[in-house]
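**Student:** Need coordinates for the following:
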Amino acid sequence: MARYIGPKSKIARKFKEPIFGADKALERKNYPPGQHGINKKRAKQSEYAVQLSEKQKAKYTYGILERQFWRMFTLAQKEHGVTGEVLLQLCESRLDNVVYRLGIAPSRAGARQLVGHCHITVNGAVVNVASYILKAGDVVAVREKSKTLEAINNSVAGTTNKYSWLDFDMKHLSGKFINRPERQQIPENIKEQLIVELYSK
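**Tutor:** Below is the predicted model of the structure:
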């Protein structure tokens, strides 16, 4: 499946947020990218432009393409609860995101690669689909043969279990997805209501 592989700093500067993690380029140049980024007087954005920008930010943050993001939105609409919050909960329940949150990988892109290369198991079985949605009680772990990988051990060494909806056992490189997080527990700066309004037009 296609993924964005272009310059990440340019995207972070576009949204003026470190959506891919700490970024020195964003710290130095906290203005939009492009030849005229620092001087250009931008016209006031329309309501549609603001909503579209928020959706694009969410997609880049979680590494999800348009068709998949739309499917998640329609799924969120069918569930009980506030649609925008359920949408973010589904994003947080993706296997690649949970691998990243557990600290097994330093980024979502790195987590997606580990999943795709069959290094991750769910409830003891290898799962190589990054978009796999976890359920409460699922156990995510590093495959036995992969526990010696330097990339995984380096990432785990610098992590702490800071998410209350996840329980990580560093010794066995396994974590439990306790439940979907509440909105206030999700650290991403995303205005999900704008995404709902955009898709509801």
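**Student:** What residues does E188 make contact with?
**Tutor:** Contacts here follow Cβ atoms under 8 Å, 6 or more residues apart in numbering; on that basis E188 touches A58, T61, L88. Where C-beta positions appear, they are placed from N, C-alpha and C, glycine not excepted.
**Student:** and if you look at K145?
**Tutor:** Residues counted as contacts of K145 (Cβ under 8 Å, 6+ apart): none.
**Student:** Assign it to helix, strand or coil.
**Tutor:** helix (DSSP: H, G, I helix; E, B strand; the rest coil).
**Student:** and it, how far is that from N189?
**Tutor:** Relative to N189, K145 is positioned 38 Å away (Cβ to Cβ, to the nearest Å).
**Student:** same question, Y199
**Tutor:** With Cβ to Cβ as the criterion, Y199 and N189 are 20 Å apart.
**Student:** These two: which has the busier surroundings?
**Tutor:** Remark: of Y199 and N189, Y199 carries more neighbours, 18 against 11, as counted by other Cβ atoms under 10 Å.
**Student:** How many neighbouring residues does the nearest residue in space to the more buried one that is not next to it in sequence have?
**Tutor:** Among residues not flanking Y199 along the chain, F73 sits closest, at 5.4 Å (Cβ to Cβ, 6 or more residues apart in numbering). By the criterion of other Cβ under 10 Å, F73 has 20 neighbours.
**Student:** and if you look at L114?
**Tutor:** L114 has 25 nearby residues by other Cβ under 10 Å.
**Student:** isn't it right up against V99?
**Tutor:** Yes: L114 lies in contact with V99 (Cβ atoms under 8 Å); the separation is 6.2 Å.
**Student:** overlap in contacts of the two?
**Tutor:** Common neighbours of L114 and V99 (Cβ under 8 Å, 6+ apart) are A105, I120.
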